[in-house]
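*Asks:* Could you work out the structure for the sequence below:
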Amino acid sequence: MITDPQGTILALFLAFCRIGGCIMVLPGFSSGRVPQQIRLLVSAALSMAILPLLWDTIYPAVSKGDPGTYIGLIFTESLIGLMYGMMARLYTLGLQFAGTVVSMLIGFNSPGGADIIEDSNETALTNLISFCGLMMLFILDFHHYVLQALVDSYRIIPFGGHLDLRTSLISVTDTLQTTTFIMLRLASPFLLYGLMFQLSIGFINKLAPQIPIYFISTPYLLMGGLFMLYLSIAAMISQFSGAFLSVFNGH
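*Replies:* All right, here's what the predicted structure looks like:
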C-alpha cells in the first residue's frame, strides 16, 4: 500500500527526468522514425521499473517538500540523462561520419536521399553503413548497458548533488576524441585506396594528356571501392560494435 501518493509521484517524475533525458537522445530510440508517444511510454515504463531499486535514494530528497530544491533536481537529473545518452549518440554519429568519408573517397557521390534513421538527407552508402552499425548495437543489447550505467550513475553522481560541468565536458571531449580515432581507423583502408588511386590517375594523365583520364577513371574508382567495401564491411561493423563498451564505459 502506498502511504504517500504525492511523494511517490514526485519521486517517479525525478526518475523519469534522468531516464527520459537519456532516451530523448539515445541512438535508435531518438530516431525520427520512432513516434514520440512510444518514446514517452518507454521512458515512463523504465522509470517505474527502476524506482523500487532507487527508492531509498530518491524518496528522501522528495519528502523534504522544498519546491526550490525539487525544481533544481529536475534540471540536474535531466542534464545527467542527456549527458549519458549524448555520449552514446556521439559514437553512432561517428559511424555516419565514417560512412560519408567512405562514400566520398570511392566516388559514390550520388544525390542524397532520405535517411533511414533520421529526418535528413544522406547517401545510400552512408545509410547502409550507419543502419548496419546501429542494428548490430541493438543485437548486442547496447541499450541494456546504457540503462545499467544510468542506474549506476546514482552512485557515481550522488542524487541531489551538483553536477560537475567540467568533468562532464571532459567526458564528452574524450568521447569525441576516441570516436574520431576509431572512425579514422575504420575508414583508413579507403583513405589509402582513394589517395593511391588519385595519385595513379594523376601520373597516367601526365603520361597521356590527350586522354580524358579523369572521366574514364570514375567507374574504376567506384568498382574498386565497392569491392573493398564488400570485403571489409563485416570487419568494419564488428570493430565498431566491439569498441562501443570501451568508449562508453571508459567515461
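*Asks:* what residues does stretch 146-160 touch?
*Replies:* 18-19, 22, 26, 46, 50, 53-54, 57-58, 61, 69, 73, 80-81, 84-85, 88, 163, 248-249 (Cβ atoms under 8 Å, 6 or more residues apart in numbering). Every C-beta, even on glycine, is put in place using the N, C-alpha and C of the backbone.
*Asks:* Please name the nearest non-neighbouring residue to Ile74.
*Replies:* Cys17 (5.5 Å; Cβ to Cβ, 6 or more residues apart in numbering).
*Asks:* for the spatially most distant residue from the centre of the chain, helix, strand, or coil?
*Replies:* The C-alpha centroid of the chain is most remote from Gln210, which lies 48.7 Å away (Cα atoms, centre = their mean). Following DSSP: H, G, I helix; E, B strand; the rest coil, we place Gln210 in the coil state.
*Asks:* Could you list the low-pLDDT ranges of the stretch 101-250 of the chain?
*Replies:* 111-114, 160-162, 214, 249-250 (pLDDT under 70).
*Asks:* ok, which stretches of it are helices?
*Replies:* Per DSSP state H, counting those that start in this stretch, the stretch 101-250 of the chain carries helices over the ranges 124-139, 142-156, 165-207, 213-242, 244-248.
*Asks:* Go through stretch 127-137 and flag the buried ones.
*Replies:* 127-134, 136-137 (16 or more other Cβ atoms under 10 Å).
*Asks:* Run a quick check on Val12 versus Ala49, I expect a contact.
*Replies:* Actually, residue 12 is Leu. It isn't Val. No - between Leu12 and Ala49 there is no contact under Cβ atoms under 8 Å: 10.8 Å.
*Asks:* Comparing the two, which residue is more hemmed in?
*Replies:* A count of neighbours by other Cβ atoms under 10 Å puts Leu12 above the other of Leu12 and Ala49, at 17 against 12.
*Asks:* helix or strand for the more buried one, which one?
*Replies:* Using DSSP states H and E, Leu12 sits within helix 5-25.
*Asks:* in that helix, what's buried?
*Replies:* 7, 10-25.
*Asks:* Now Gly21. Nearest residue, chain neighbours left out?
*Replies:* Spatial nearest neighbour of Gly21, chain neighbours left out: Gly81 (2.7 Å); criterion: Cβ to Cβ, 6+ apart.
*Asks:* now Thr175
*Replies:* Met87 (4.8 Å).
*Asks:* Next up, the contacts around the one you found.
*Replies:* 171-172, 175, 247-248, 251.
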